[in-house]
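In: kindly generate the corresponding structure for this input.
(one chain, ligands or ions: 1)
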Amino acid sequence: MELSGRAIDIVVRLLEQRTGQKFGANRRWRISSALAGVMRARGIASGETLILRLMHDAGLARDVVDALLNNETYFFRDRALFDHIATRILPALAERRKSTRRLSVWAAGCSTGQEVLSLAMLFAERKAHWAGWTIDLLGTDVSATAIEAARKGAYSQFEIQRGLGVGQMLAFFEERSGGWQAVESLLRMARFEVHNLLDTPPGPGNFDLVLCRNVLLYFDSETRGRAFANLARALASDGHLLLGGGETAVGQTGLLEPDHAHPGFCRHKAMGAGPGVSIVGCVPPWPVRSGSR
Ligand SMILES: C[S@@+](CC[C@H](N)C(=O)[O-])C[C@H]1O[C@@H](n2cnc3c(N)ncnc32)[C@H](O)[C@@H]1O
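Out: From the prediction side, this is the model:
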């Protein structure tokens, strides 16, 4: 059933209010089919009924927003970047944090968990190296449906084949009734929370590594600026931020800049302090604790 223009306007506004995501005119044709399942499950037969029910049914509003979000993800998406994390970023962080032996990682907009479990696998594959470390691996998403799936760690045959080598699949997943279940030891390495990137960043803050990939694409520039401010606020003064392939901090924020030592990553903007002097690490307008915790 095709929704009326009025119904589409209302759900698009709801999506934007709740998540900051813009649904451009060129993608509006997808909305009726994206909401068909939600409407069928609740016996809603018309756009007008949908609008009326949305006014007083918080669960429906949540499901409508979730159905409109783009949750596309897969294991080790952009594999070269995960290789770079494994071979360059984590060893450098291990050296800088060796006195505290604590690392915290936040994947913002982690969808159904593949990104976070990919990171967990990097740590698990070097278990002996990380023995004695406290690794806090946090995945967040505005979609409660996605976070529920991430917490379960259950993937279909199609999902498990995307990005995961056979060795990793057999080492970290068990076949269960037509799908694949992440082993308990891997799932326990991560925690997942519903969180909106446009709200105050989650705890504990001072994250050593932040991933926020393929989330900012559909924000307008003002919303993207707010998201960048939150990412900068959450990032340790010497932390690393990874955006998606089509995303950049250049021209979007005065707080972050590309890190030329780590192509594809950003860091706090270096603040020039006069000729010949540069302070590496941004001094944001809020207190950021130094790297050692
Ligand atoms: C395309 S997926 C990307 C998943 C993963 N980061 C990756 O690159 O494979 C984008 C995710 O961002 C989430 N998202 C959208 N707006 C958000 C917001 N305001 N706060 C947190 N997550 C958001 C969506 O629910 C979706 O799961």
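In: contacts for stretch 155-173?
Out: Identification of contacts with stretch 155-173 by Cβ atoms under 8 Å, 6 or more residues apart in numbering yields 74-77, 79, 112, 114, 117-118, 121, 124, 178-183, 186. Heads up, the C-betas are built off the backbone N, CA and C, glycines and all.
In: so how far is that stretch off the chain centroid?
Out: Centroid separation for stretch 155-173 versus its chain: 20 Å, with Cα atoms, centre = their mean, to the nearest Å.
In: also stretch 140-155?
Out: On the basis of Cα atoms, centre = their mean, stretch 140-155 sits 11 Å off its chain's mean C-alpha point.
In: among the contacts of stretch 155-173, name the buried ones.
Out: Among these, the ones that count as buried by 16 or more other Cβ atoms under 10 Å are 74-77, 112, 114, 117-118, 121, 124, 180-182, 186.
In: near the ligand, which residues of the stretch 101-250 of the chain show up?
Out: Residues of the stretch 101-250 of the chain lying close to the ligand by Cβ under 6 Å from any ligand atom are 108-111, 115, 141-143, 146, 196-198, 213-215, 244.
In: is the ligand contacted by stretch 72-91?
Out: Yes - judged by Cβ under 6 Å from any ligand atom, stretch 72-91 and the ligand are in contact via 72-73, 77.
In: so which bits of that stretch are buried?
Out: 73-78, 81-82, 84-86, 89-90.
In: now, which of these lie within helices?
Out: With DSSP state H as the criterion, helices contain 81-82, 84, 90 from among the buried residues of stretch 72-91.
In: mind putting those residues into TSV with pLDDT?
Out: Shown next, in TSV, are those (pLDDT from 0 to 100):
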residue	pLDDT
Leu81	97
Phe82	97
His84	98
Leu90	98
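In: tell me the one of the residues you listed nearest the ligand?
Out: The shortest approach to the ligand among these belongs to Leu81, at 10.3 Å (Cβ to the nearest ligand atom).
In: can you give me the strands for the stretch 101-250 of the chain?
Out: For the stretch 101-250 of the chain, the strands defined by DSSP state E, counting those that start in this stretch occupy 102-108, 134-141, 154-156, 173-176, 179-182, 190-194, 207-212, 235-243.
In: which one of the buried ones among the contacts of stretch 155-173 is nearest to the ligand?
Out: Closest approach to the ligand among the buried ones among the contacts of stretch 155-173 (Cβ to the nearest ligand atom): Arg77, at 4.5 Å.
In: thought that closest one was touching Leu117?
Out: No - the criterion here is Cβ atoms under 8 Å, and Arg77 misses it with Leu117 at 11.7 Å.
In: is it true that Asp66 touches Thr145?
Out: Yes - shown here, Asp66 and Thr145 form a contact pair, counting by Cβ under 8 Å, at 4.4 Å.
In: what about those two, which has more around it?
Out: Higher neighbour count among Asp66 and Thr145: Asp66, with 20 against 17, using other Cβ atoms under 10 Å.
In: where does pLDDT dip in the stretch 51-200 of the chain?
Out: Nowhere does the stretch 51-200 of the chain drop to pLDDT under 70.
In: cutoff 90 now
Out: For the stretch 51-200 of the chain, applying pLDDT under 90 flags the ranges 177-178.
In: what's the neighbour count on the closest residue to the ligand within the stretch 101-250 of the chain?
Out: The minimum distance from the stretch 101-250 of the chain to the ligand, using Cβ to the nearest ligand atom, falls at Gly109 (3.0 Å). By other Cβ under 10 Å, the residues close to Gly109 number 27.
In: grab the nearest non-local neighbour of it.
Out: In this structure, Gly109 finds its nearest non-sequential neighbour in Val215, 3.3 Å apart by Cβ to Cβ, 6 or more residues apart in numbering.
In: and that neighbour, how close does it get to Ala249?
Out: Separation of Val215 from Ala249 (Cβ to Cβ, to the nearest Å): 13 Å.
In: those two: which has the busier surroundings?
Out: A count of neighbours by other Cβ under 10 Å puts Val215 above the other of Val215 and Ala249, at 27 against 22.
In: the more buried one reaches Ser111, doesn't it?
Out: No - checked against Cβ under 8 Å, the pair Val215 and Ser111 is beyond contact range at 9.1 Å.
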